[in-house]
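> sequence plus predicted model, see below.
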Amino acid sequence: MKINLNFIEACSLLEKNETTSVELTKIYLKNIKEAKELNCFNTISAEQALDDAEKSDIRRKQGKLKSRFDGIPIGVKDLFCTKNIKTTASSKILSNFIPSYESTVTQNCIDAGLISLGKLNCDEFAMGSTNKTSFYGPVTNPWKSNKSEAKLVPGGSSGGSAAAVAADLCVVSLGTDTGGSIRQPASFTGTVGLKPTYGRVSRWGIIAFASSLDQAGPITKTVEDAAALLEIIAGHDPKDSTSSIKEKESFLDNLNSSVKGIKIGIPKEFKSDGLPVSTQKAWDDCKKLLQSNGAELIDISLPHTMDALPTYYIIAPAEASSNLARYDGVRFGIREEGENLIEMYEKTRSIGFGDEVKRRILIGTYVLSSGYYDAYYIKAQKIRSLIKNDFNQAFEKVDAILTPSTPSTAFEIENEPNDPVQTYLNDVFTVPINLAGIPAISIPFTNDENNLPIGLQLITNSFEEQKLLNIAKNVQDTINYKSVPKNWWKS
Ligand code: GLN
């Protein structure tokens, strides 16, 4: 059977009875087994997956499919709580945590008949851009430079989710994006990553990092697949008070790739001398492509773009420090005994959290402490409003905004800078979108001089995912990006 199968192709093979869910599931489980070197999975649920696939095949025979996507194998970031299946957030502190409940997003996938193959490695509590903060070790990008054998980062924090799709370890996957964690790894692995509008997808049962920024979304091979998976996971959830009451939409059926008359904004603040020549060229080529397909290009300004990163790195740690207070050795995860309660807390948290998580907790508690609250946290909230306002004004003039997804392509695992601020710079193009709560997608556009994928980012106004997907499809269909990594990892 063809490898490099996408979601829509897999559905069509099932529909035509050219394969079964059990057969598909076995192929992906074999691929996972052969790809140990990539370290994508924290937990593989082989037995459960085969059992679920068998049930899907029976439903198909009986004409009782749960949805047209019934029977397709999916991978789930290890941040979504899954009933009776270990959920660790790639942290030692949750290394023994087995939830008694299912997140709304994964429940929606179960209700559509999708088959979960297991839990995908990520940065610890989704904090990172390289996957190196995982307690379970880094994920390796299936892509390698054509000039070196060095292993590359897949991006983060949903690095396992992106690498698994790129390496055919699942058909599609679920990630989460607080500051870029779906789009940046998608960009580094030649996959499509969509961060929905804040409130489009329920956060219930997803381990919280920064609650005002977190959104779950799809990582896929194509724009159609992203539309399909978004359709499955989106929708109002009474269990999440921030979830939108908007009606469910049929993103896949409503896909229309025309960009005639569409206005595309090019923000001048995203231009930088530090941008690699190949990324700048990809961006320029995409502008020309959209223009020749009938779109109009408009220069715009998002004046607070450069304030977004420092703003994010105050708000996200502040919320994280509060969210992570619940891991105290009492209710969830591991406990390290102490002489008294305080010592037990201290020991559990010292042993249970990794360095990056501790750094965020320290920054977060600092910016929230009395005396600094006004100077940092309140100030950051004010700048957040200005950033949102920049986008509001831009969307009075344009339908969508086009930018690069990341300032570089995938870099070597060993070569990550020691200074965490350098790593934080990976998110410079993605964090403004989370602060504004709007949707954005990263799509692979071309490869750089080292044959590594370059992703471009499209952004639209709140709840305009359909428009976003349509423009992305126009680009996808015009360039027909077909590059796949060489499968050097197969043992
Ligand atoms: N890299 C960013 C961070 O470390 C974004 C993480 C995310 O989106 N989950 O905070």
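Everything's here; your move.
> touching, L386 and T305? I think so.
No: at 10.6 Å, L386 does not count as touching T305 under the criterion of CB atoms under 8 Å. Backbone N, C-alpha and C define where each C-beta goes, glycine included.
> the more surrounded of those two?
Between L386 and T305, T305 has the larger neighbour count (other CB atoms under 10 Å), namely 19 against 14.
> in three-state terms, label the closest residue to the more buried one other than its chain neighbours for me.
Spatial nearest neighbour of T305, excluding adjacent residues (CB to CB, 6 or more residues apart in numbering): E269 at 3.8 Å. At E269 the chain is in helix, as set by DSSP: H, G, I helix; E, B strand; the rest coil.
> thought E269 was touching L302?
Yes: using CB under 8 Å, E269 is in contact with L302, at 5.4 Å.
> compare those two (neighbour count), which wins?
The neighbour comparison of E269 against L302 (other CB under 10 Å) goes to L302, with 23 against 16.
> so which strand or helix has that one?
L302 belongs to no helix or strand when assigned by DSSP states H and E.
> contacts only, for it.
267, 269-270, 387, 390-391, 394, 401, 432 (CB atoms under 8 Å, 6 or more residues apart in numbering).
> pLDDT of the longest helix anywhere in the chain, averaged?
The longest helix of the chain (DSSP state H) is helix 379-397. What helix 379-397 shows for mean pLDDT is 98.
> so for it, what gets flagged as buried?
380, 383-384, 387-388, 390-391, 394-395 (16 or more other CB atoms under 10 Å).
> and for stretch 433-449?
Going by 16+ other CB under 10 Å, stretch 433-449 has these buried residues: 433-448.
> so which of those residues are in helices?
The helices, defined by DSSP H, take in 433-436 from the buried residues of stretch 433-449.
> need the contact list for the residue nearest to I438 when sequence neighbours are not counted.
Nearest residue to I438, sequence neighbours excluded (CB to CB, 6+ apart): S462, at 5.3 Å. Shown in contact with S462 (CB under 8 Å, 6+ apart): 197-198, 437-439.
> can you list the residues of this structure near the ligand?
Residues of the chain found near the ligand (CB under 6 Å from any ligand atom) are 126-129, 157, 176-181, 209, 316, 427.
> same for the lowest-mean-pLDDT helix or strand in the chain, what does it pack against?
In the chain, no helix or strand scores lower on mean pLDDT, DSSP states H and E than helix 420-424, which sits at a mean of 84. Of the remaining helices and strands, none touches helix 420-424 by 3 or more CB pairs under 8 Å, 6 or more residues apart in numbering; DSSP states H and E.
> what about 10 Å?
The contact analysis (3 or more CB pairs under 10 Å, 6 or more residues apart in numbering; DSSP states H and E) places helix 420-424 against helix 308-323, helix 355-368.
> format the CA atom coordinates belonging to it as PDB.
Extracted C-alpha coordinates of helix 420-424, given in PDB (Å, rounded to 0.1, in the frame of the first residue of the first chain):
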ATOM      1  CA  PRO A 420      16.900  30.200  26.700                       C
ATOM      2  CA  VAL A 421      16.100  33.600  25.300                       C
ATOM      3  CA  GLN A 422      17.600  32.500  22.000                       C
ATOM      4  CA  THR A 423      15.300  29.500  22.000                       C
ATOM      5  CA  TYR A 424      12.400  31.800  22.800                       C
END
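> show me which positions of that helix end up buried.
Buried positions in helix 420-424, judged by neighbour count with 16+ other CB under 10 Å: 420, 423-424.
> and K55, how many neighbours?
Neighbours around K55, by other CB under 10 Å: 17.
> determine how far the helix or strand hosting N108 lies from the middle of the whole chain.
Using DSSP H and E, N108 maps to helix 104-111. Put simply, helix 104-111 sits 17 Å off its chain's centre (CA atoms, centre = their mean, to the nearest Å).
> tell me what the helix or strand following that helix is packed against?
Following helix 104-111 in sequence order, the next helix or strand is strand 115-120 (DSSP H and E). Using 3+ CB pairs under 10 Å, 6+ apart, the elements in contact with strand 115-120 are helix 21-34, strand 41-44, helix 46-61, strand 73-77, helix 104-111, helix 159-166, strand 172-177.
> contacts only, for K83.
If you count contacts by CB atoms under 10 Å, 6 or more residues apart in numbering, K83 has them with 98-103, 106-107, 110, 205.
> brain fart, Q422
Contacts for Q422 (CB under 10 Å, 6+ apart) come out as E416.
> how far away is it from T430?
16 Å (CB to CB, to the nearest Å).
> so how many other residues sit close to V484?
Counted with other CB under 10 Å, residues neighbouring V484 total 16.
> which one is it nearest to, not counting chain neighbours?
N4 (5.5 Å).
> wait, isn't that neighbour in contact with K482?
Yes: counting by CB atoms under 10 Å, N4 sits close enough to K482 to count as a contact (8.9 Å).
> contacts for stretch 333-346, please.
Here stretch 333-346 makes contact (CB under 10 Å, 6+ apart) with 88-89, 91-97, 325-330, 347-352.
> quick one: low-confidence ranges for the stretch 201-350 of the chain?
By pLDDT under 70, the stretch 201-350 of the chain contains no weakly predicted segment.
> all the helices of it, in order from the start?
For the stretch 201-350 of the chain, helices defined by DSSP state H, counting those that start in this stretch occupy the ranges 223-233, 277-292, 308-323, 341-352.
> tell me how far the residue sitting furthest away from the middle of the chain lies from E346.
What lies farthest from the middle of the chain is E339; by CA atoms, centre = their mean that is 41.4 Å. Using CB to CB, we find E339 at a distance of 11 Å from E346.
> counting neighbours, what do you get for F209?
Neighbour count for F209, taken as other CB under 10 Å: 26.
> for it, which non-adjacent residue is closest in space?
Per CB to CB, 6+ apart, closest to F209 is A126, 4.6 Å.
> quick one: contacts for the one you found?
Listed by CB under 10 Å, 6+ apart, the contact set of A126 reads 77-79, 89-90, 133, 156-158, 175-179, 181, 206-210, 214, 316, 320.
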